[in-house]
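Q: quick one, structure for this:
(2 chains)
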Number of protein chains: 2
Amino acid sequence: MPRRHPQPLPPAVAVRLELVDEPRAIAVIASCVADVGGRVRTLSTVRRAGRAGAEPGESGTVEVELEVEDADEHALVGALEPLREVIALAVTRPLGKVFGKRVIVVGGGAQVAQVALGAVTEADRHNLRGERISVDTIPLVGEEHIASAVRAVADLPRARMLVLAGSIMGGEISRAADELRALGIPIIALNMVGSITEHVDLVVSDPVQAGTMAVMAVADTATFDLARQRGRRY
Amino acid sequence: MPRRHPQPLPPAVAVRLELVDEPRAIAVIASCVADVGGRVRTLSTVRRAGRAGAEPGESGTVEVELEVEDADEHALVGALEPLREVIALAVTRPLGKVFGKRVIVVGGGAQVAQVALGAVTEADRHNLRGERISVDTIPLVGEEHIASAVRAVADLPRARMLVLAGSIMGGEISRAADELRALGIPIIALNMVGSITEHVDLVVSDPVQAGTMAVMAVADTATFDLARQRGRRY
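A: Presented below is the predicted three-dimensional model:
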């Protein structure tokens, strides 16, 4: 069966920009990127200098991390640097090269911590061999909050797998799980009370094992194929 | 002493867009956002439909998560929806409301897992009271890789604290730590061999304690002030 790994992405160029914080600034940057043939893939506002002490109407500044595909680094920097909106520019590294694929763990604190133990330990073994796998977690309580987090995994860059770590989940969380899987992000759940275990790819009773399998499933350095395990329980 | 917590941010509107993947598409979107008075704060390409089977020169599609400040949701959706580049649009939730502040843990697998145990358990207690704190980790080996990760924390949206979890760190990692702290992101390190302990805000011997303190330092629901502990060792 085909694995879910997408094709390798084209190389990206990353720059951190300090910009004048005007409404049109990002439109000017994006247009400049297109002028050199690039495609804006990621843009994150990572810091902002307050407008405290500024004259009314005066703009503050923001620091923005920008990742662009299909552009030559030299051409991109040369085009961005002279813009009036750009105060400072530094070439950085695309986040995918540093933090890589992300396994997301959501649920109750005790179980999230145990899944993280398994996932981090397994990611260590793969990252030693050239992989880049991060394990990102949030402990949450309540059907509504967990369902929101499950849906929001679809909006996280580089998220490749979700582990649901809890003792009871169902209802709106199960509906959110169906939506996320329809977008191509697989889910492993602990064996627990509630309908969620009918709405995931794999059910694993031991949280350390669940974290380990989640990392194996996204690692190119492993031979674990989640598609061949779909619907099973361990 | 003043705490490092920045001012609350203005409310953001978030939408997920399916776009024609042309170089000018993002410039068109950003210009449209500015037309309704908004400022693009975050834009992430979260999925892409391959161009397999497409005619030469034909564009694929991409799914992009967009967060905008200073715009009315109704006006923004009304302006984006008719654009030729927009195939589909859905209103989502800003990631800051779902995953909140991020504590980043970098280092050796065994220690990263223990720091995560402390941090996740402590974040659970604060998230129960309305906070939103995530604990994001990556196990890495090697001075160069760890230094790159420390520098890249500056480019992660919503990163508020770094914990360095290892047994020996110094050299380029210490230089990267100085750079990150200069940008306003504090660092807690485990008590370890190497110069790193001279280049961080706080040194903590027990990894579970280090994770707990890292979360307390960023939680508005805690009374722990890292500025008053700066330079100490526990």
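
Q: would you map the strands across chain A?
A: Shown for chain A, the strands assigned by DSSP state E span residues A:12-20, A:39-49, A:61-69, A:86-92, A:101-107, A:133-139, A:159-165, A:187-190, A:202-204.

Q: as CSV, these with mean pLDDT, distance to B:L76 and mean neighbour count would be great.
A: Quick note: C-beta positions are derived from backbone N, CA and C, even for glycine. Output for the strands of chain A, formatted as CSV (pLDDT from 0 to 100; distance: least, CB to CB, whole Å; neighbours: other CB atoms under 10 Å in any protein chain shown):
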stretch, mean pLDDT, distance to B:L76, mean neighbour count
strand A:12-20, 96, 21, 21
strand A:39-49, 94, 17, 21
strand A:61-69, 96, 19, 23
strand A:86-92, 96, 25, 15
strand A:101-107, 98, 27, 27
strand A:133-139, 98, 27, 28
strand A:159-165, 98, 25, 27
strand A:187-190, 98, 31, 26
strand A:202-204, 97, 39, 22
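
Q: would you reformat the ones you listed as JSON lines and include distance to B:V153?
A: Rendered in JSON lines, the data for those read as follows (distance: least, CB to CB, whole Å):
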{"stretch": "strand A:12-20", "distance to B:V153": "12"}
{"stretch": "strand A:39-49", "distance to B:V153": "10"}
{"stretch": "strand A:61-69", "distance to B:V153": "11"}
{"stretch": "strand A:86-92", "distance to B:V153": "11"}
{"stretch": "strand A:101-107", "distance to B:V153": "15"}
{"stretch": "strand A:133-139", "distance to B:V153": "12"}
{"stretch": "strand A:159-165", "distance to B:V153": "18"}
{"stretch": "strand A:187-190", "distance to B:V153": "27"}
{"stretch": "strand A:202-204", "distance to B:V153": "31"}
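
Q: please name whichever of those is nearest to B:I146.
A: Using CB to CB as the criterion, the shortest distance between B:I146 and those is 13.7 Å, found for strand A:133-139.

Q: which residue packs closest to A:A116, ignoring adjacent ones?
A: Beyond its immediate neighbours in the sequence, the residue positioned closest to A:A116 (CB to CB, 6 or more residues apart in numbering or on different chains) is B:A116, lying 4.5 Å away.

Q: I'd guessed the one you found sits against A:T137; true?
A: Yes. At 6.9 Å, B:A116 counts as touching A:T137 under the criterion of CB atoms under 8 Å.

Q: what sits in contact with each of those two?
A: In the contact map built from CB atoms under 8 Å, 6 or more residues apart in numbering or on different chains, the residues linked to both B:A116 and A:T137 are A:113, A:116, B:135, B:137.

Q: distance to B:V106 for these - can I get that in JSON lines?
A: Formatted as JSON lines, the entries for those read as follows, by distance: CB to CB, whole Å:
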{"residue": "A:A113", "distance to B:V106": "18"}
{"residue": "A:A116", "distance to B:V106": "14"}
{"residue": "B:V135", "distance to B:V106": "12"}
{"residue": "B:T137", "distance to B:V106": "7"}
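
Q: nearest to B:G60, out of the strands of chain A?
A: For B:G60, the closest of the strands of chain A is strand A:39-49, at 10.9 Å, according to CB to CB.
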